[in-house]
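Novice: Here is a sequence with its predicted model. Questions after.
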Amino acid sequence: MQQPLVVIGGVAAGMSAASKARRLMPELPVIVFEKSNFVSYGACGIPYYLSGVIPDHRKMIIRDPEYYEKKMDIRVLVGHEVTEIDAGRKLVRVKNLTGSGVIEQPYSKLIYATGARAIIPAVPGVELDGVFVLRTLEDGLALKSRLQDERVRKVAVVGGGYIGLEVAENMRLLGKETFILEKEERCLANCDPEFSEAVMEELVRHGVEVRCGETLLACEGEGRLQAVVTGRGSYDCDLAILCLGVRPNSELADKAGIKLGFKGAVAVDRRMRTNIPDVYAAGDCAETYHRLLGRNVYIPLGTTANRQGRLAGGVACGEPGQFAGVLGTAVVKVFDLAVAVTGLTEQEAAWNGMDFMATTIEALDHAVYYPNPRKIKIKLVYDRKSSVVLGGQISGYEGVAHRADIIATAISARLTLEQLGEVDMCYAPPYKGVWEAVVVAANVAQSDWEDSIEAR
């Protein structure tokens, strides 16, 4: 009897892998084990579920286990935790969390897609009632329930990255008094300072208090959270939401002899293969190849997880191909403002020892004579010798995401500034000026680059 393809983890990467394998090999048995009670859901929508922008958590569930069973012949077992991988015998041991006992499931190929978990700092009081994380759909359901409590009036958001910013916005939409604690000197510290500053101005404009340069040292309360403590003082609050990033769920792999790499993520090659034959890894538990740096990094994003999972499922079934890599392309909504980044920021280019230049421009997001034109800021980072585009950041109110995608495409194609400036882009007054803002940025940067050549 043919042994099945076994997938550990049933969210983005896991279900993408299982679905791809099923399409390639219709007769191959495919089994997915998922520890939680949900599979294939849009975790990125959870902050908006908290405030009711997304009114029903079921809208975030793309497909349920029944769909996979009946429509795709993929066996999906939720509430089942894989407790051990025996790579020598090619089997996994699985605990039914709603029943008893452990089963042994042999596999022909194994895809490890266990995701990541929220970082919880080891500080006093972090276990208090009223301290939450927001990573899984179960986290969202629990937090949503607590937010219905009328006693929850003041919320501390610990962490000023993507999730922290989205959570802060949605707390204000609920009418909660909200403040952010961020250990760095600015929120959204993965962007260059001028974009972080725009974010913080937007937060303050909408009533969010921003406390940067403050690290969480303790949570205090008598049985229930009453305050969070930093090196600068104690701040009263009724609820704290920890948004401090994630850590890969790689312990199970490590115990099985699967090699770990950058930041403890599972080490993979560009075909998503681990060091163990017939074992692959994908998603937030795994490293990912950075196409500009030429090495593996850890950038846990939903888009990456789906791409990696799809590739892993294909490779496990004998399909050729390799992972093209990531640029860390992302966009975040902060009230009315959008901020996007792709490729290398100026600070990242410096950290990686690159010989680069950077140019920042301001333009209008659509034609000046069409109602309500607003400023959009674009920064391009490019190679000093060749003018090949290395990165871009954008802040504004309309058209930010698709313009970041233009820059990401330019980076992927290794376009020079001149080539980017020559791209034939669409135009209509409600959407753009006759000179598209990205083209303006490329042309100004091209002039800066030419001036630098003359000055050498």
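Specialist: Great, that's in hand. The model shown is predicted, which means the values in this text are computed figures rather than measured ones.

Novice: quick one, domains of this structure?
Specialist: As recorded under automatic domain parsing, the domains making up the chain are 5-43+56-116+247-316, 120-242, 338-455.

Novice: residue ranges of the helices in this protein, please?
Specialist: Taking DSSP state H as the criterion, the chain carries its helices at 12-24, 46-51, 65-72, 137-147, 162-173, 193-205, 251-255, 302-316, 346-351, 400-412, 417-421, 437-455.

Novice: Of all those helices, which one is nearest Cys219?
Specialist: helix 137-147 (14.9 Å; CB to CB). Quick note: C-beta positions are derived from backbone N, CA and C, even for glycine.

Novice: Can I get the helices of the chain in CSV including distance to Leu110?
Specialist: As requested, those are arranged in CSV below (distance: least, CB to CB, whole Å):
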stretch, distance to Leu110
helix 12-24, 10
helix 46-51, 29
helix 65-72, 18
helix 137-147, 25
helix 162-173, 30
helix 193-205, 41
helix 251-255, 10
helix 302-316, 8
helix 346-351, 34
helix 400-412, 31
helix 417-421, 43
helix 437-455, 43
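
Novice: how about those helices in TSV, adding distance to Gly261 and mean pLDDT?
Specialist: Shown next, in TSV, are the helices of the chain (distance: least, CB to CB, whole Å; pLDDT from 0 to 100):
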stretch	distance to Gly261	mean pLDDT
helix 12-24	16	98
helix 46-51	28	98
helix 65-72	31	96
helix 137-147	27	98
helix 162-173	23	98
helix 193-205	29	97
helix 251-255	11	98
helix 302-316	14	98
helix 346-351	19	97
helix 400-412	24	98
helix 417-421	33	98
helix 437-455	35	95
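
Novice: nearest to His366, of those?
Specialist: Closest among those, once you apply CB to CB, is helix 437-455, at 9.3 Å.

Novice: Skipping its backbone neighbours, what lies nearest Asp129 in space?
Specialist: When the adjacent residues along the chain are set aside, Asp129 lies closest to Arg224, with 4.7 Å between them (CB to CB, 6 or more residues apart in numbering).

Novice: about what we covered before: could you dump the helices of the chain to TSV with mean neighbour count?
Specialist: Shown next, in TSV, are the helices of the chain (neighbours: other CB atoms under 10 Å):
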stretch	mean neighbour count
helix 12-24	25
helix 46-51	23
helix 65-72	14
helix 137-147	16
helix 162-173	24
helix 193-205	17
helix 251-255	16
helix 302-316	24
helix 346-351	17
helix 400-412	21
helix 417-421	21
helix 437-455	18
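
Novice: Tell me which of these sits nearest to Glu182.
Specialist: Once the helices of the chain are compared by CB to CB, helix 162-173 is nearest, at 7.5 Å.

Novice: so which of the domains of the chain is the most packed in?
Specialist: domain 5-43+56-116+247-316 (a mean of 20; mean count of other CB atoms under 10 Å).

Novice: The residue nearest to Asp129 contacts Val131, correct?
Specialist: No. Shown here, Arg224 and Val131 do not form a contact pair, counting by CB atoms under 8 Å, at 9.7 Å.

Novice: of the helices of the chain, which approaches Leu242 most closely?
Specialist: helix 162-173 (9.0 Å).

Novice: ok, so what distance separates Arg23 from Cys317?
Specialist: Look at Arg23 and Cys317: by CB to CB, to the nearest Å, they are 9 Å apart.

Novice: again, but for Ala367
Specialist: Counting by CB to CB - Ala367 and Cys317 are separated by 50 Å.

Novice: do the same with Gly231
Specialist: Gly231 is 53 Å from Cys317, by CB to CB.

Novice: And the helices of the chain: which comes nearest Val268?
Specialist: helix 302-316 (8.2 Å).

Novice: How far away from the center of its chain is the closest one?
Specialist: 15 Å (CA atoms, centre = their mean, to the nearest Å).

Novice: quick one, that helix and helix 12-24 angle?
Specialist: Orientation of helix 302-316 against helix 12-24 (axes from the mean of the first three to the mean of the last three CA atoms, to 10 degrees) gives an angle of 40 degrees.

Novice: Just the C-alpha atoms of helix 302-316, please, in CSV.
Specialist: Provided in CSV are the C-alpha atoms of helix 302-316 (Å, rounded to 0.1, in the frame of the first residue of the first chain):
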residue,chain,number,x,y,z
GLY,A,302,1.6,35.0,4.8
THR,A,303,2.4,35.5,1.1
THR,A,304,5.7,33.8,1.6
ALA,A,305,4.2,30.9,3.5
ASN,A,306,1.7,30.2,0.7
ARG,A,307,4.4,30.3,-2.0
GLN,A,308,6.8,28.1,0.0
GLY,A,309,4.0,25.6,0.7
ARG,A,310,3.0,25.4,-2.9
LEU,A,311,6.6,24.7,-3.9
ALA,A,312,7.1,22.1,-1.2
GLY,A,313,4.0,20.2,-2.3
GLY,A,314,5.2,20.2,-5.8
VAL,A,315,8.8,19.2,-5.1
ALA,A,316,7.6,16.4,-2.8
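
Novice: Now do the strands in the stretch 201-350 of the chain.
Specialist: 208-212, 218-220, 227-230, 233-236, 239-242, 246-248, 279-281, 288-290, 295-297, 330-334, 337-343 (DSSP state E, counting those that start in this stretch).

Novice: and those as TSV, adding mean pLDDT and distance to Ala442?
Specialist: Conversion of the strands of the stretch 201-350 of the chain to TSV gives the following (pLDDT from 0 to 100; distance: least, CB to CB, whole Å):
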stretch	mean pLDDT	distance to Ala442
strand 208-212	98	33
strand 218-220	98	48
strand 227-230	98	43
strand 233-236	97	45
strand 239-242	98	40
strand 246-248	98	35
strand 279-281	98	38
strand 288-290	98	23
strand 295-297	98	26
strand 330-334	98	20
strand 337-343	98	14
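
Novice: Go through these and name the closest to Ser19.
Specialist: Short answer: strand 279-281, nearest of the strands of the stretch 201-350 of the chain by CB to CB, at 14.8 Å.
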